[in-house]
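1. Just need the structure, nothing else, for what follows:
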Amino acid sequence: MSVTTQFLTRLLLRSRSVGLFAALLILSSNYSAAEDTVVSFRNDVVPTLTKAGCNAGVCHAKAGGGQNGFELSLLGFEPGDDYDRLVREGGGRRILPMDPEQSLLLLKASGQIPHGGGVRLPADSEGFAILSDWIRAGAQRDPPETATLNSLEVQPAGRVIAPGECQQLRVIAGFSDGTSRDVTQFALFESHDEAMASVDAAGMVTVEDIPGRVAVMVRYQDASATFSASVPLAAPESAFPEAQGFIDELAFANLRELGIPPSPVCDDATFLRRVTLDITGRLPSLDESKAFLADNAENKRARVVERLLNSPGYADYFANKWTALLKNRRDEAADITSNFAFHAWVRDSLLANVPYDQFVRELLAATGTVVGNPPVAWYKRVKDPKQQLEDVAQLFLGVRMQCAQCHHHPFDRWSQDDYYSLAAFFSRIGRKPTDTRGEDFIFHRRGHASAVNVRTGATLAPAVLGDDVGEIPPDIDPRLRLAAWMADPENPWFARALVNRYWKHFLGRGLIEPEDDIRDTNPPSNPELLQALERHFIESQFDLKDLVRTITQSQVYQLSSTPNEHNLVDRQNYSRFYPRRLQAEVLLDAIDDVAGTRTTFANLPSGTRAVALPDNSYNRASAFLRVFGRPDSASVCECERVQSSSLAQSLHLINSSEIKGKLSSRSGRAARLSKGDVTLKDGLNELYLAAFARLPTSDELQAAGEYIASADEAEANTVQGRQRELEDLIWALINSKEFIYNH
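-> Numbers count the residues shown, from 1 in each chain. The predicted structure is shown next:
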């Protein structure tokens with residue numbers, strides 16, 4: 001090290017003057033003028049730090065001040081702030097232009113001195129050299145004319161890959177000056193499904209042996225792209241059910257392309273039980289099962305769907321779904337009026353088949369009181385404009401905006417300005433107290449709607465995602481403009497979010513998964529099918545019953561859940577029906593139906609079913625609903641509902657006092673069948689029809705007969721003895737997988 005360099009180094013390390021530091025940067029830049037390397041802070045340095053993980057959420061971009069006093073913006077989304085923190089913060093102690101390799105930034109990143117994050121940039125790595133060259137050139141801020149990122153492309157964008165094969169990805173960035181370059185070394189890669197395909201840091205994709213489609217997300221700076229791999233099974237050609245409409249045509253075309261043969265169509269009993277549970281949330285009655293099994297008409301399945309859609313059970317079940325997502329919570333006794341009114345409004349809307357766009361418009365633009373206009377209740381529960389925009393975006397558009405409140409969305413294109421522009425639609429909501437405790441009168445406050453970006457201080461007018469709704473006069477409620485934009489046939493999210501949500505309800509998995517995370521970097525498993533469903537829903541004028549009818553009458557929905565030798569591992573292409581555990585309310589009602597009992601709930605008429613409960617308050621009084629995961633209506637995410645199985649659930653079904661009480665009820669099915677001249681066969685036929693919508697097999701009849709024969713002879717001849725045996729048989733049925741799952 002020269003004398004001049006040593007002098008500058010000592011002066012720099014001792015200085016706490018930003019002005020002096022800036023002068024030293026200029027001096028050191030001139031001193032190292034022999035270096036011609038031009039390194040961009042935004043386009044080279046920040047991507048290097050991102051690739052090394054320095055600005056990840058668990059490292060120096062951690063919320064609340066970064067790590068150990070050093071803070072960076074998440075994934076480098078704010079390069080201007082990052083420059084100041086690296087170069088100017090702390091008296092400039094992190095970089096040393098006169099001897100770049102001795103910069104604190106590089107010494108820690110390379111592990112030459114202790115670093116909590118370990119070695120992130122080895123001294124012989126290209127990333128280390130990039131940072132060193134930038135510091136040697138004076139650690140300059142990018143001049144205004146520096147090219148900015150315009151586009152990001154991954155090559156190839158997609159291809160068919162056989163199981164076990166690999167594909168190297170190449171990432172090309174396009175810049176504002178018309179140039180492009182390979183930025184593969186700076187890009188971040190993330191597989192959407194590690195079980196189907198993995199990807200390393202260099203962009204090498206390795207495909208596993210699970211057939212289907214898998215995406216790899218690629219990120220560079222604030223842009224993203226997606227590589228899609230189709231992994232065929234190449235099973236022998238097999239017979240497909242006859243297509244009944246566009247759903248079957250597109251789903252079966254996808255299966256043929258992937259070489260996955262589907263399971264056959266399910267039998268009548270399975271279909272009746274499946275579709276009754278999915279549309280009305282209950283088991284078929286004895287009469288319904290007997291009539292359906294005896295019917296030989298070709299259109300009997302379509303007629304069942306129509307009957308269920310026109311029944312009160314459809315409105316009850318889907319009102320249960322929507323009120324949970326719309327946060328119809330009861331946190332105190334005074335909420336009961338709004339809870340009941342809101343639930344009734346949702347149920348009545350579904351029963352009358354109010355078009356979905358009208359339903360959403362009535363909710364978003366609600367004014368008045370809960371008694372006069374029940375959808376106002378939503379504004380009682382969701383009061384903050386930021387929470388309102390987040391809930392609306394996630395629930396009705398399938399777009400998760402929460403991240404954009406603080407920074408650019410890491411997986412999408414939404415910025416903080418997009419976030420607060422959307423919040424501006426809710427900025428003119430006024431509230432006045434009413435005579436009813438806890439209830440407000442909701443109205444539109446005249447004035448220009450706006451919201452302030454808390455980071456930049458910019459005042460933003462209402463604007464929708466990637467679109468413009470024009471200037472909104474002060475006397476127009478901006479929520480009406482938002483609702484009109486959402487229902488526009490050209491809206492890329494509104495119809496798509498709904499059909500994807502309903503597809504998951506009936507098929508067990510969304511075409512986009514999770515169902516409320518629609519973005520370019522999370523592509524659908526069957527894009528053509530999703531687009532066709534979206535188009536059909538719009539053309540039907542947002543008819544929810546028509547959508548349910550279209551899905552449930554398809555052969556895809558009616559496939560058997562029993563896998564064949566080729567589609568056992570298929571998890572996303574609907575080559576078979578995916579069994580799923582009954583929801584908490586549905587299972588409780590199903591047990592009551594088979595046991596011949598009915599659970600009672602406070603403040604509700606006798607006989608009210610669990611799927612008709614108006615709010616979350618009943619969870620507190622029901623251990624069953626809590627154990628089996630009925631949502632508490634705290635969020636708009638379907639994930640709040642627990643659908644997984646647990647030991648607690650098994651124990652509750654096996655030996656809880658609640659279940660024992662239902663089985664031994666004096667007015668229950670076991671007590672009724674134990675009296676009179678009901679034969680064992682007739683009793684078993686009734687039990688199996690009630691539980692499974694089918695008659696018992698010969699093996700099941702034999703097993704039940706052997707169990708009865710093994711009972712104490714003296715006790716078996718008494719009413720009490722026969723009842724206990726029937727209780728045991730019912731207990732065995734409700735603890736079977738066939739009962740607990742919709743298959």
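2. Show me where the stretch 1-150 of the chain has its strands.
-> 149-155 (DSSP state E, counting those that start in this stretch).
3. Low-confidence bits of it, can you list those?
-> 1-37, 61, 64 (pLDDT under 70).
4. Might you report the residue contacts of L169?
-> L169 makes contact with 154-156, 184, 189, 199, 203-205, 216, 218, 227, according to CB atoms under 8 Å, 6 or more residues apart in numbering. To be clear about C-beta, it is placed using only N, CA and C from the backbone, and glycine gets the same treatment.
5. mind redoing it with 10 Å?
-> By CB atoms under 10 Å, 6 or more residues apart in numbering, the residues touching L169 are 154-157, 184, 187, 189, 199, 202-205, 216, 218, 225, 227.
6. who touches the nearest residue to it once chain neighbours are set aside in this structure?
-> Leaving aside its sequence neighbours, L169 sits nearest to G203 (CB to CB, 6 or more residues apart in numbering; 3.9 Å). Counting by CB under 10 Å, 6+ apart, G203 touches 154, 167-171, 184-185, 187-189, 216, 218, 227.
7. Can you give me the neighbour number for the residue nearest to N491 when sequence neighbours are not counted?
-> Spatially, and ignoring its direct neighbours in sequence, N491 is nearest to W485 (6.4 Å; CB to CB, 6+ apart). Neighbours of W485 under the rule other CB atoms under 10 Å: 19.
8. so where does W485 fall, helix or strand?
-> Assessed by DSSP states H and E, W485 sits inside helix 478-486.
9. Now stretch 262-270: buried residues?
-> Buried residues in stretch 262-270, counting neighbours by 16 or more other CB atoms under 10 Å, are found at 262-266, 268-270.
10. Would you mind giving these as CSV with pLDDT and distance to P355 added?
-> Shown next, in CSV, are the buried residues of stretch 262-270 (pLDDT from 0 to 100; distance: CB to CB, whole Å):
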residue, pLDDT, distance to P355
P262, 94, 33
S263, 95, 35
P264, 95, 36
V265, 96, 32
C266, 97, 32
D268, 97, 33
A269, 97, 35
T270, 98, 32
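11. Just these: which are in helices?
-> 268-270 (DSSP state H).
12. quick one: low-confidence parts of the stretch 201-350 of the chain?
-> For the stretch 201-350 of the chain (pLDDT under 70), the answer is none.
13. What ranges does it have for its helices?
-> 246-258, 268-280, 286-294, 300-309, 312-325, 336-351 (DSSP state H, counting those that start in this stretch).
14. How far does the last one sit from its chain's centre?
-> Distance of helix 336-351 from the chain centroid (CA atoms, centre = their mean, to the nearest Å) equals 25 Å.
15. any idea how far T718 is from S180?
-> Noted for S180: a distance of 88 Å to T718, by CB to CB, to the nearest Å.
16. which one is K386 nearest to, not counting chain neighbours?
-> Of all residues not flanking K386 in the chain, A423 sits nearest, at 5.5 Å (CB to CB, 6+ apart).
17. how big is the angle separating the helix or strand the one you found falls within from helix 478-486?
-> Element membership for A423 (DSSP H and E) is helix 416-423. Orientation note: helix 416-423 sits at an angle of 110 degrees relative to helix 478-486 (axes from the mean of the first three to the mean of the last three CA atoms, to 10 degrees).
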